[in-house]
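In: Can you look at this prediction? I've put the sequence above it.
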Amino acid sequence: MENKEMKPQPKRGLWKPEEDLILKNYIETHGEGNWATVSKRSGLMRGGKSCRLRWKNYLRPNIKRGGMSKEEEDLIIRMHKLLGNRWSLIAGRLPGRTDNEVKNYWNTHLNKKSVLGKRKTIDSNNQHSDNELDKETLQQVQDSKKPSQFVHNSQPVFGISPEKTKTGRLDLDEKKEMQEVKEESSITDSTWMERAAQCFNYEYAYDIVETPLMMHPNYSNFVFDEEPFTSYLDSFVLFEAFGTDSDQFGI
DNA sequence: AATACACCCAACCGCTGCTGG
DNA sequence: CCCAGCAGCGGTTGGGTGTAT
């Protein structure tokens, strides 16, 4: 029953404004680092971890608060398709947003949409009253949760809702984004290829790379309906980044 | 107005990886 | 190498708040 060490238990629970002020002042004076020391020297009776979290997620300068914009939401969805639950990585691409915030946002606003109508509605017969959250987003989220094999009636590596599926290749902005994120992550090339295609709603993983793949029999049903072959050149940078190992395409 | 239920999000927990002795 | 201490990460929890009945 009794505590042998009788160590003072660190304070827990919600932070009070005065505690925030103490921590903020301390960090601004002494800088970050060694959070165990911070908690002791600042006089806060909090654990080092708690101090670090409070600073990182709430007090740090340039923290953006308030609802996510449509652009941010889109980016989160795309990045989640690409990276999975790598919240810190995703947050790294959203200036002013923290991993915790992105994770919470995903779990509440985005992930939950895949389970239709959890919250009670005014009219249970009217599915639309739940929320005018766009069905497009819902579809994206649902798609992202499905394993790759959920599309069995066609060849694509990842299934995307047919009406949204694109063929052809990533545009320059898409390629730039993909490259940047790839550099930050340690995802294997093959996984990357598949997710990259899914991320931008391309029907085939190989859409984002080079021409030799098109010769593979598995992909013989591929049709360019949007872009001519000359666009291969646009893909060159991305292709180079991934290397040329055919293994990576699961062939 | 009271109650129950659902939602949101800050904070905590436990694990992993890194670093220095 | 091994170990301890720390930072960082993702998963989970629980209390406050909003909404429906």
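Out: Noted; the coordinates are in hand. Residues are numbered from 1 along each chain as shown, chains lettered A, B, ... in the order given.
In: So is the helix or strand hosting residue A:191 next to DNA strand C?
Out: According to DSSP states H and E, residue A:191 maps onto helix A:189-199. No - Helix A:189-199 does not reach DNA strand C (C-beta under 7 Å from any atom of the strand); its nearest approach is 14.9 Å. No exception for glycine: its C-beta is placed from N, CA and C like everyone else's.
In: now that helix: mean pLDDT?
Out: For helix A:189-199, mean pLDDT is 71.
In: As CSV, could you dump the C-alpha coordinates of that helix?
Out: Provided in CSV are the C-alpha atoms of helix A:189-199 (Å, rounded to 0.1, in the frame of the first residue of the first chain):
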residue,chain,number,x,y,z
ASP,A,189,10.1,2.0,-53.1
SER,A,190,7.6,-0.6,-54.0
THR,A,191,5.2,0.5,-51.2
TRP,A,192,5.9,4.0,-52.1
MET,A,193,4.9,3.5,-55.7
GLU,A,194,1.6,2.0,-54.8
ARG,A,195,0.8,4.6,-52.3
ALA,A,196,1.9,7.5,-54.5
ALA,A,197,-0.6,6.4,-57.1
GLN,A,198,-3.3,6.0,-54.6
CYS,A,199,-2.5,9.3,-53.0
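In: Could you pull out the buried residues of that helix?
Out: A:189, A:190, A:192, A:193, A:194, A:195, A:196, A:197, A:198, A:199 (16 or more other C-beta atoms under 10 Å).
In: average pLDDT across stretch A:79-97?
Out: Mean predicted confidence for stretch A:79-97 is 89.
In: can you list contacts of that stretch?
Out: A:62-64, A:68, A:72, A:75-76, A:98-103, A:106, A:110, A:140, A:144, A:178, A:180-181, A:184-185, A:187, A:195-196, A:198-199 (C-beta atoms under 8 Å, 6 or more residues apart in numbering).
In: buried sites along it?
Out: A:79-83, A:86-87, A:89-94, A:97.
In: and that stretch with DNA strand B, contact?
Out: No - if you take C-beta under 7 Å from any atom of the strand as the test, stretch A:79-97 misses DNA strand B, and the best it gets is 10.1 Å.
In: same thing with stretch A:11-23?
Out: Yes - if you take C-beta under 7 Å from any atom of the strand as the test, stretch A:11-23 does meet DNA strand B, through A:11, A:12, A:13, A:14, A:15.
In: so how many other residues sit close to the last one?
Out: Other residues near residue A:15 come to 18 when the count uses other C-beta atoms under 10 Å.
In: In space, what's closest to it - neighbours in sequence excluded?
Out: residue A:54 (5.5 Å; C-beta to C-beta, 6 or more residues apart in numbering).
In: Can you classify that neighbour as helix, strand or coil?
Out: With DSSP: H, G, I helix; E, B strand; the rest coil as the basis, residue A:54 sits in helix.
In: Could you double-check that it lies in contact with residue A:24?
Out: No - proximity of residue A:54 to residue A:24 does not meet the contact threshold set by C-beta atoms under 8 Å, at 9.4 Å.
In: part of a helix, is residue A:9?
Out: No - Residue A:9: not assigned to a helix; according to three-state DSSP it is coil.
In: contacting residues for it?
Out: So residue A:9 contacts nothing (C-beta under 8 Å, 6+ apart).
In: any idea how far it lies from residue A:20?
Out: Residue A:9 sits 21 Å away from residue A:20, taking C-beta to C-beta, to the nearest Å as the criterion.
In: Break chain A into its domains for me.
Out: Domain ranges of chain A: A:17-59, A:65-118+A:131-145, A:172-249, per automatic domain parsing.
In: So what's the predicted local confidence for residue A:183?
Out: Taking residue A:183 on its own, its pLDDT is 72.
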